[in-house]
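# based on what follows, work out the 3D shape:
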Amino acid sequence: MSVETALSTPNRRTRTRKLRTSKLHTDKFQVTKMHNADLYQQSNNLQKRDALLCLEKHASKIKWKNSNNKIIDIGCGDGSVTNMLKKYLPDNYKLLGCDISESMVNFANNNHCNEQTSFTVLDIGGELPLRMENNFDHVFSFYALHWISDQKRVYRNIYNLLEEDGECFLIYLACSPVFDVYRILARKNKWATKLQDVEKYVSPYHDSTEPDKEIIKIMEEVGFDDIDVECKEMVFEYNDVDMLRKAVTAINPFNIPKEQYGDFLEDYMTVTSEMYRVDKANNNFNITFNYKLLIVYGHKPSNKSY
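Below you'll find the predicted structure:
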């Protein structure tokens with residue numbers, strides 16, 4: 001079982017105006033890229049923990065309409081966080097979860113769909129369907145947008161999804177040791193070919209000293225106002241090696257052949273153990289991840305076209 005704690009330290013925050021408001025069996029869990037919804041549901045403790053923390057703090061500040069709130073959750077994955085979001089919504093809503101992965105969307109529809117909630121395939125880094133433009137009062141996204149390198153396009157698409165006077169609330173990674181491990185493995189001859197596009201899967205802000213300012217600049221250029229961006233230092237502790245193995249496999253973005261994945265996972269764990277000086281000889285597994293989380297709010301003004 002993992003132990004999760006949030007680090008209460010001063011955080012970088014920039015704003016333009018006050019916020020208005022035992023060993024993993026890789027044959028059983030084989031996945032070459034992050035499309036195994038069942039495994040993701042079992043291992044996304046960090047994502048759910050952080051989504052819950054941010055919603056508890058900020059949801060009461062969101063400005064809801066009196067009726068018919070139309071909401072979209074970008075990068076819904078297996079739908080478990082989308083399901084958590086419902087607790088913070090007003091009674092009168094329609095909620096659409098979307099993800100680039102068809103298998104994730106199918107899992108979410110099979111497990112979390114009802115008369116107010118449905119799920120569909122959408123690539124937020126690509127072309128928006130015209131029927132979705134100017135169609136939502138609120139855009140949410142949890143742990144998805146760091147996978148997309150073209151951040152200007154992401155924010156332009158979010159802006160275009162919103163109706164006038166709509167709001168977005170987004171959380172995603174600025175930097176994480178996961179990305180450092182990817183880069184280390186990519187430099188090894190053994191994995192260089194398989195991980196040659198490694199930078200596509202590193203957060204655009206991983207090396208940034210001021211990610212909040214970069215995001216504010218993008219959002220202002222797109223047309224948002226009332227922008228609030230916080231870069232928060234976080235901690236998550238793994239004291240169960242199997243839980244970490246599952247978490248790594250669930251978000252693996254690389255096309256690793258099935259027969260090589262067990263070897264890849266072992267190399268990933270070795271690099272991680274060396275980074276954190278894990279005492280494997282005494283079976284003392286404990287890793288504390290320090291990472292930075294972006295918490296973003298923006299408002300689409302009325303009577304202003306992009």
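# spatially central, which residue of this protein would that be?
The chain has Tyr143 as the residue nearest its centroid, 0.9 Å off, counting by C-alpha atoms, centre = their mean.
# pretty sure it contacts Leu170?
No - Tyr143 is beyond contact range of Leu170, at 9.8 Å (criterion: C-beta atoms under 8 Å). C-betas here are computed from N, CA, C, even on glycine.
# okay, stretch 90-103 in PDB with CA atoms only?
C-alpha atoms of stretch 90-103 as PDB (Å, rounded to 0.1, in the frame of the first residue of the first chain):
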ATOM      1  CA  PRO A  90     -24.200  21.400  -9.000                       C
ATOM      2  CA  ASP A  91     -27.200  19.100  -9.500                       C
ATOM      3  CA  ASN A  92     -28.100  20.400 -12.900                       C
ATOM      4  CA  TYR A  93     -25.200  19.400 -15.300                       C
ATOM      5  CA  LYS A  94     -24.100  17.400 -18.300                       C
ATOM      6  CA  LEU A  95     -20.600  16.000 -18.100                       C
ATOM      7  CA  LEU A  96     -18.600  14.800 -21.000                       C
ATOM      8  CA  GLY A  97     -15.300  13.000 -20.400                       C
ATOM      9  CA  CYS A  98     -12.800  12.700 -23.300                       C
ATOM     10  CA  ASP A  99      -9.600  11.000 -23.900                       C
ATOM     11  CA  ILE A 100      -7.300  10.200 -26.900                       C
ATOM     12  CA  SER A 101      -7.400   6.500 -26.000                       C
ATOM     13  CA  GLU A 102     -10.400   4.600 -27.300                       C
ATOM     14  CA  SER A 103      -9.900   1.700 -24.900                       C
END
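# can you list contacts of it?
34-37, 64, 66-77, 79, 82, 85-86, 89, 105, 108, 112, 116-124, 136, 144 (C-beta atoms under 8 Å, 6 or more residues apart in numbering).
# cutoff 6 Å now
35, 37, 64, 67-77, 79, 82, 105, 108, 116-123 (C-beta atoms under 6 Å, 6 or more residues apart in numbering).
# for the residue lying closest to the residue nearest to the centre of the chain once chain neighbours are set aside, helix, strand, or coil?
Nearest non-adjacent residue to Tyr143, counting by C-beta to C-beta, 6 or more residues apart in numbering: Gln47, 4.4 Å away. Counting by DSSP: H, G, I helix; E, B strand; the rest coil, the backbone at Gln47 sits in helix.
# where in this protein is pLDDT low?
1-34, 279-284, 304-306 (pLDDT under 70).
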